[in-house]
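Trainee: Fold the following and give me the result.
(one chain, ligands or ions: 1)
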Amino acid sequence: MPYRAPLSDLRFLMHHVVGFAQVAATGRFAEATPETVEAVLTEAGRLAAEVLAPVNRAGDTHPARLENGVVRTSPGYAEAYGAMAAGGWVAITAGADHGGMGLPLTLASAVNDMFSGACLSLQLNPLLTQGQIEALEHHASDDLKATYLPKLVSGEWNGTMNLTEPQAGSDVGALRSKAEPNGDGSYAVSGQKIYITWGDSDFQANTIHLVLARLPDGAPGTAGISLFLVPKFLPDADGNPGARNSLSVVSLEHKLGIHGSPTCVMQFDGAKGWLVGAPHKGMAAMFTMMNNARLGVGLQGVGVAEAAYQQACDYAMTRTQGRTADPATPSIIGHADVRRMLATMKAQVFSARAIGLSCAVAIDMAYATGDAGWKARAAFLTPIAKAYGTDVGVAVASEGVQIHGGMGFIEETGAAQFLRDARITPIYEGTNGIQAMDLVARKMADNGEAAFRLIREIEMGAQSARAALPDVAEDVWQACESLREATEALLTQDLTDRFAGAVPYLRAFALVLGSHFHLKSALVDGGTGPRAALARVAIKRLLPEHSGLLAQTRIGAEDLYALTPEDFAA
Ligand SMILES: Cc1cc2nc3c(=O)[nH]c(=O)nc-3n(C[C@H](O)[C@H](O)[C@H](O)COP(=O)(O)OP(=O)(O)OC[C@H]3O[C@@H](n4cnc5c(N)ncnc54)[C@H](O)[C@@H]3O)c2cc1C
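Mentor: Sure thing, here's the model as predicted:
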């Protein structure tokens, strides 16, 4: 069966688990009436299943290619993108002043989840445009906003993000691109950027690059970086694409997955651009775009996991092999081990989706209320949503291949494509290692206040579930106590020791938080329905891993540095 939009889980999570009602009750998001929310979910689900999913294979088998300096996109992408743009789906969170709908990020995240599950390569195009719109809304001059935002919001033009250079990946501060003032308020931007997603396309009239570069008086490191808007075509007096700017796509990368998404090496040769935000404050402006994109990438992982799960489940329903323990179910889903794989896949997708949507609710509430508590919660949840969502994407897609047996390794089934496509998500938008370091350092610079507030909430959730679901509530309570103790211990460590345990800590936090959301869902389900059964799988089979992970956070870095580089090479 082809991709089906997971509308029932999205509705359930928004309305019963992550507290979307708080967002809809704010004046800022008064437009998000129950009718609008339902219409958006249903229509986006239809578009994902009927328009985007059917072009997913073509993107894999007919990758984007470069012809005489122009990117030629995969078959069917132009039409599918056209449907997305015509339906107003490119930027539903953008402000009404520039043609957007001003809807909450929570709703947009649900849409991104479905679009990513249907066709990750194509969904990347509007995802980056969404981030660019947000950065321009917050930091650009009124002139730039008036010229660029309407066409980005309508999807006529697309937006890109240009940070990476060969010597500057995770270490953005090492970048060498330069910007010289032209004397007329514009700048000449020069340098080479690599891995630029959707750096060009043949179905959008203009591509707008946000480029990080250094002004002549810019200090070394991140403190001296500024942000510039550099269009492929310079808008004419009427705002339409005019003269070609001096930038080009040098080549496209050949990749493990997301073949339909052109990953460009971009050359800027004194290209005309305009400053966005204050000089030397480019990182702050770019962070607006990156934060939005980090959550978006987390939900990409969830979306691909959902699609991989659905396909594996369909296969398990029809493939017969051996005699199953359950005579009523002759196909392989009747085998206990296949059930285990499917159940843990489904439980992980639910946890990761709940964490992503809960992060989106916190971001919406922070925008709507300006409250410091919501801001801190959003900041704390963002690296968890990104890293856990994308790790789940890879793990579930890999298990999906396993459920197919040999057929999973054969490209025609499409199971392998999910795994290859998902593999980039823990890498881009800041590797998951960098996310975990952000969590244990910057996000704990408040002495762990945001972490402990969440831990308290999980404790209270477990407490209130004790009467109805005593055994699973106790498991979550105990895990949460271990997390509290490990967090206290982490705060006493120096940064090198913390970083050695950062990835296990993030994963343990996600497991406990995911179990908390499962517990909530089980309570809504009356403790006996399928959601309660899934919660039991999550809490009894996945949560126990937290104790091994937390044990690792206490080791510090000494054992790792006891091995020298020569020892590794020996
Ligand atoms: C398909 C694709 C699309 C992309 N799209 C874009 C885009 O649109 N725009 C853009 O600007 N970039 C883009 N990127 C770049 C991407 O964001 C980077 O690849 C990523 O940030 C990692 O940088 P790097 O590749 O240089 O790896 P490196 O930084 O060299 O990292 C290598 C390894 O070292 C680890 N590491 C690095 N520094 C540290 C540290 N301080 N502490 C601990 N561990 C560390 C990393 O976690 C990683 O495991 C894309 C990349 C790909 C492959």
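Trainee: Can you name the residues that contact the residue nearest the centre of the chain?
Mentor: With distances taken as Cα atoms, centre = their mean, residue 297 lies nearest the centre of the chain, 1.6 Å away. Going by Cβ atoms under 8 Å, 6 or more residues apart in numbering, residue 297 touches 127, 386, 389, 390, 425, 428, 429. C-beta: built from backbone N, CA, C; applies to glycine.
Trainee: gap between it and the ligand?
Mentor: Using Cβ to the nearest ligand atom, to the nearest Å, residue 297 is found at 10 Å from the ligand.
Trainee: Check residue 348 too.
Mentor: Counting by Cβ to the nearest ligand atom, the gap from residue 348 to the ligand is 22 Å.
Trainee: Okay, and that residue sits in which element?
Mentor: Using DSSP states H and E, residue 348 sits in helix 336-369.
Trainee: gap between that helix and the chain center?
Mentor: Distance of helix 336-369 from its chain centroid, counting by Cα atoms, centre = their mean, to the nearest Å, is 12 Å.
Trainee: ok, now stretch 186-194?
Mentor: The chain centroid and the centroid of stretch 186-194 are separated by 27 Å under Cα atoms, centre = their mean.
Trainee: Now do residue 143: how many residues are near it, please.
Mentor: 10 (other Cβ atoms under 10 Å).
Trainee: That one should be in a strand, yeah?
Mentor: No: with DSSP: H, G, I helix; E, B strand; the rest coil as the criterion, residue 143 is located in helix rather than a strand.
Trainee: what sits against residue 298?
Mentor: Per Cβ under 8 Å, 6+ apart, neighbours of residue 298: 352, 355, 356, 359, 385, 386, 387, 388, 389, 390.
Trainee: Surely it forms part of a helix?
Mentor: Yes: under three-state DSSP, residue 298 falls within a helix.
Trainee: ok, for it, nearest residue in space, not its chain neighbours?
Mentor: In this structure, residue 298 finds its nearest non-sequential neighbour in residue 389, 3.2 Å apart by Cβ to Cβ, 6 or more residues apart in numbering.
Trainee: Also near the ligand: which of the contacts of residue 297, exactly?
Mentor: By Cβ under 6 Å from any ligand atom, the members of the contacts of residue 297 lying near the ligand are residue 428.
Trainee: Save the contacts of residue 297 as a markdown table, and put in neighbour count, pLDDT and distance to residue 293 too.
Mentor: Putting the contacts of residue 297 into a markdown table (neighbours: other Cβ atoms under 10 Å; pLDDT from 0 to 100; distance: Cβ to Cβ, whole Å) gives the following:
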| residue | neighbour count | pLDDT | distance to residue 293 |
| --- | --- | --- | --- |
| 127 | 26 | 96 | 7 |
| 386 | 35 | 98 | 9 |
| 389 | 34 | 98 | 13 |
| 390 | 31 | 98 | 12 |
| 425 | 31 | 98 | 11 |
| 428 | 19 | 97 | 9 |
| 429 | 25 | 95 | 5 |
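Trainee: With distance to residue 462 and secondary structure as extra columns, can I get the contacts of residue 297 in TSV?
Mentor: TSV is the format used below for the contacts of residue 297 (distance: Cβ to Cβ, whole Å; DSSP: H, G, I helix; E, B strand; the rest coil):
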residue	distance to residue 462	secondary structure
127	35	helix
386	26	helix
389	23	helix
390	27	helix
425	31	coil
428	35	coil
429	32	coil
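Trainee: Tabulate the contacts of residue 297 in JSON lines, adding columns for distance to residue 304.
Mentor: Formatted as JSON lines, these follow (distance: Cβ to Cβ, whole Å):
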{"residue": "127", "distance to residue 304": "13"}
{"residue": "386", "distance to residue 304": "14"}
{"residue": "389", "distance to residue 304": "10"}
{"residue": "390", "distance to residue 304": "9"}
{"residue": "425", "distance to residue 304": "7"}
{"residue": "428", "distance to residue 304": "14"}
{"residue": "429", "distance to residue 304": "15"}
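Trainee: which parts of the helix or strand hosting residue 137 are buried?
Mentor: For residue 137, the host element (DSSP H and E) is helix 120-139. Buried residues in helix 120-139, counting neighbours by 16 or more other Cβ atoms under 10 Å, are found at 120-137, 139.
Trainee: All set now, cheers.
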